[in-house]
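**Student:** could you look at this predicted model? Sequence included:
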Amino acid sequence: MTDRWDPQLLWYARAVRRMQGKQESQPTSWLWQANIHGEKAENPGPNPEWNNCPHGGWFFLPWHRAYLLCFEEIVRDVIRNELDGPDDWALPYWNYTRVTNGDPDSPGSQECRRLPSAFRSPDWPDGEGGNPLFLAEPDRSPGAALGASVGWTEVNPYRAMQAPRFTGATQFGSEHTGSRLLHSNGQSGLLEMQPHNLLHGYVGGVMLQFFSPRDPVFWLHHANIDRLWAAWNASSAEHRNPTDADWLGFAHTFRDAQGNQVRFTSGELQSTEEFGYVYESLTDGLGLKPPERLVATPAAGVDPPPQQVAATSGPTDLGPDALAVPLTPGPGARAGALPEAASPQTPNRAVLTMDDVRADAPPQTNYRVFVGARPDHEEDLDPEGPYFIGHVHFFGAVGAHPHSHGGGGLTFTFDITEHLTELRRLGAWDGEGVPPVVVTPAPLGPPPPDAGEPAGALAAVSTPPPGSRPRIGSISLSTT
Ligand SMILES: [Cu+2]
């Protein structure tokens, strides 16, 4: 799905415009459908069917599958019965994880990681304005609007696709959350984090917020996530979904093309064939093994980490440049705790926690996190080098969140034990003091060759807009 105006996309655009013309109170309208996921803060509806999107938990995948299924049925019905179009329309997926010529830097691979061009054009194919697939800044990030490609480091789904189990923060499908639908807490499983959250972060704007389905590209993004779930199941007999009754029996309520309520349990949602759809490929775009390097894993089960070694004393504001954040040892910190954790001879772990990550408006960029790097040395900020530990993003943490329970800030944890060991081995850390944490905007790839953008346009796209104030409330380093 990279064609400028594939017929499927053209029918989609026509249906989107049609649905946007319907009253918000109508279940098959564009806004009602988006409200199921999340509403705009200034429009808090009393409807229990709204604001239900679950993230950071094991219902993320089945809930979104049912959501896509019903949405696709509604769009197909509009195309067939209101627009006299074909009766077999199907929702395309945006395969941003596709790699051509085995090289994620090839022109073909870069093209797959650009916001598809039909979504970047304000015009319909005949040149007429008002293309409903298009959103202007700041409803999208300048980078996505320009067609600069999202980094392979941000979307490579390799680790998720290799995860042996479904449930858990370091596994494929996010954590066991009982029978609760959590909006978001930042503790996503591997697929939800990457590529899901980071792709939301790349498109930016509307896509950074819980009303993200108002951006028509949301649905194509989630179709790819849904495809990756089906691909994970298909790629190994060991890749099994949860068998807990809590998960299998949990019912998700949506609306069908007639506007009637329909319910699906997670158990019923395990196979796409049952619902009459299959993906063109369950093998294309499943990720590439990164070059040998250390991998920081989310630190599951050490919440809260028992012994704080060092922390920031206030919020850290993020900007357009690499920023080194010094962590200061706390009053009760034991000097030897960190080198002890970093020693392969002890079972102790070192955990970096970033709390209350949020922004006042879309920051329009993801960030990469490094430990022990020198912020002014480009070669240290290599995501395949020894200093890289992971990402922070702002999906679901923009502005005030009347419907979130934890206040809306996200938490990210990283087990950096092996990184510290490696830093000592490389001589980048002597075991004294605390290596700095470096946070830098995730760079984007080149815009399309025909974009005709002036040189330097790329530098501006990773600059958070004034007033967005992306920040990390606190950063702390702890040992077990
Ligand atoms: Cu999403």
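**Tutor:** Perfect, I can see it now.
**Student:** quick one: secondary structure of Tyr96?
**Tutor:** Using DSSP: H, G, I helix; E, B strand; the rest coil, the three-state assignment for Tyr96 comes out as coil.
**Student:** which element follows the worst-scoring helix or strand of the chain on mean pLDDT toward the C-terminus?
**Tutor:** Ranked by mean pLDDT, DSSP states H and E, the helix or strand of the chain with the weakest confidence is helix 457-461, at a mean of 67. Along the chain past helix 457-461, the next helix or strand (assigned with DSSP states H and E) turns out to be strand 471-479.
**Student:** who does that following strand touch, helix- and strand-wise?
**Tutor:** Packed against strand 471-479 by the contact rule (3 or more CB pairs under 8 Å, 6 or more residues apart in numbering; DSSP states H and E) you find strand 307-311, strand 316-317, helix 337-342, strand 350-358. All C-beta atoms are positioned from the backbone trio N, CA, C, and that covers glycine.
**Student:** can you list contacts of the next helix or strand along the chain from the shortest one?
**Tutor:** In the C-terminal direction, the helix or strand that comes right after strand 316-317 (DSSP H and E) is strand 323-325. The list of residues contacting strand 323-325 from outside it, by CB atoms under 8 Å, 6 or more residues apart in numbering, reads Thr312, Thr316, Ala373, Arg374, Pro375, Pro436, Val437, Val438, Val439, Thr440, Ile472, Ile475.
**Student:** buried residues in stretch 334-352?
**Tutor:** Taking 16 or more other CB atoms under 10 Å as the basis for neighbour counts, the residues of stretch 334-352 that come out buried are Ala337, Leu338, Pro339, Ala341, Ala342, Ser343, Asn348, Arg349, Ala350, Val351, Leu352.
**Student:** state the distance from the fifth one to Trp429.
**Tutor:** Just to be clear, that refers to Ala342. As defined by CB to CB, to the nearest Å, Ala342 lies at a distance of 8 Å from Trp429.
**Student:** any common contacting residues for those two?
**Tutor:** Once CB under 8 Å, 6+ apart is applied, the residues that Ala342 and Trp429 both contact turn out to be Leu420, Leu423.
**Student:** sorry, back to before: kindly indicate which of the buried residues of stretch 334-352 lies nearest Ser281.
**Tutor:** Nearest to Ser281 among these, counting by CB to CB, is Leu352 at 37.2 Å.
**Student:** so what sits opposite that closest one in the bridge?
**Tutor:** Beta-bridge partners recorded for Leu352 (DSSP bridges): Phe414, Leu477.
**Student:** look at Ala136 and report its pLDDT.
**Tutor:** Note on Ala136: pLDDT of 95.
**Student:** repeat for Gly409
**Tutor:** Confidence score, pLDDT, at Gly409: 88.
**Student:** what is the burial count for it?
**Tutor:** A count of nearby residues for Gly409, using other CB atoms under 10 Å, gives 23.
**Student:** list the contacts for the nearest residue to it once chain neighbours are set aside?
**Tutor:** Excluding the flanking residues, the one nearest Gly409 by CB to CB, 6 or more residues apart in numbering is Asp356, at 3.5 Å. Taking CB under 8 Å, 6+ apart as the contact definition, Asp356 lies against Pro315, Gly407, Gly409, Leu410, Thr411, Ile472, Gly473, Ser474.
**Student:** over to Gln194?
**Tutor:** For Gln194, the contact set (CB under 8 Å, 6+ apart) comprises Glu154, Val155, Asn156, Pro157, Arg159, Ala160, His391.
**Student:** can you rerun that using 10 Å?
**Tutor:** Applying CB atoms under 10 Å, 6 or more residues apart in numbering, we find Gln194 in contact with 97, 153-160, 188, 287, 390-391, 393.
**Student:** ok, those vs Arg214, which is closest?
**Tutor:** Of all the contacts of Gln194, His393 has the smallest distance to Arg214: 18.9 Å, by CB to CB.
**Student:** neighbours of the closest one, how many?
**Tutor:** Tallying neighbours of His393 according to other CB under 10 Å, which is how burial is gauged here, yields 28.
**Student:** Phe71: what secondary structure?
**Tutor:** Of the three states, Phe71 takes helix according to three-state DSSP.
**Student:** ok, now which ones touch it?
**Tutor:** Applying CB under 10 Å, 6+ apart to Phe71 gives the contacts 19, 28, 33-34, 36, 91, 213, 218-219, 222-223, 254-255, 257.
**Student:** same question for Glu49.
**Tutor:** With contact set as CB under 10 Å, 6+ apart, Glu49 has these partners: Pro27, Trp32, Asn35, Ile36, Thr253, Phe254, Arg255, Gln261.
**Student:** ok, Ser29 next?
**Tutor:** Under the criterion of CB under 10 Å, 6+ apart, the contact partners of Ser29 comprise Arg18, Met19, Gln20, Gly21, Lys22, Gln23, Asn35, Ile74, Gly259.
**Student:** what stretches of the stretch 151-300 of the chain score poorly on pLDDT?
**Tutor:** Scanning the stretch 151-300 of the chain for pLDDT under 70 picks out the ranges 184-186, 292-300.
**Student:** now do the strands in the stretch 101-250 of the chain.
**Tutor:** Ranges of strands within the stretch 101-250 of the chain: none, based on DSSP state E, counting those that start in this stretch.
**Student:** so how far is His55 from the residue nearest in space to the middle of the chain?
**Tutor:** Closest to where the C-alpha atoms of the chain average out (CA atoms, centre = their mean) is Asn197, at 0.8 Å. Here the distance between Asn197 and His55 works out to 8 Å (CB to CB).
**Student:** ok, now Pro107?
**Tutor:** For Pro107, the distance to His55 (CB to CB) stands at 33 Å.
**Student:** how about the nearest residue to Gly431, chain neighbours excluded?
**Tutor:** For Gly431, the spatially nearest residue (CB to CB, 6+ apart) is Pro339, at 4.0 Å.
**Student:** that neighbour contacts Asp430, correct?
**Tutor:** Yes: in this structure Pro339 lies within contact range of Asp430 using CB atoms under 10 Å: 9.1 Å.
**Student:** identify the contacts common to those two.
**Tutor:** When contacts are counted by CB under 10 Å, 6+ apart, Pro339 and Asp430 are jointly contacted by Arg424.
**Student:** Leu133 contacts Phe119, doesn't it?
**Tutor:** Yes: in this structure, Leu133 sits in contact with Phe119. The criterion is CB under 10 Å, and the distance is 4.7 Å.
**Student:** overlap in contacts of the two?
**Tutor:** Each of Leu9, Ala13, Asp215, Pro216, Val217, Leu220 lies in contact with both Leu133 and Phe119 under the rule CB under 10 Å, 6+ apart.
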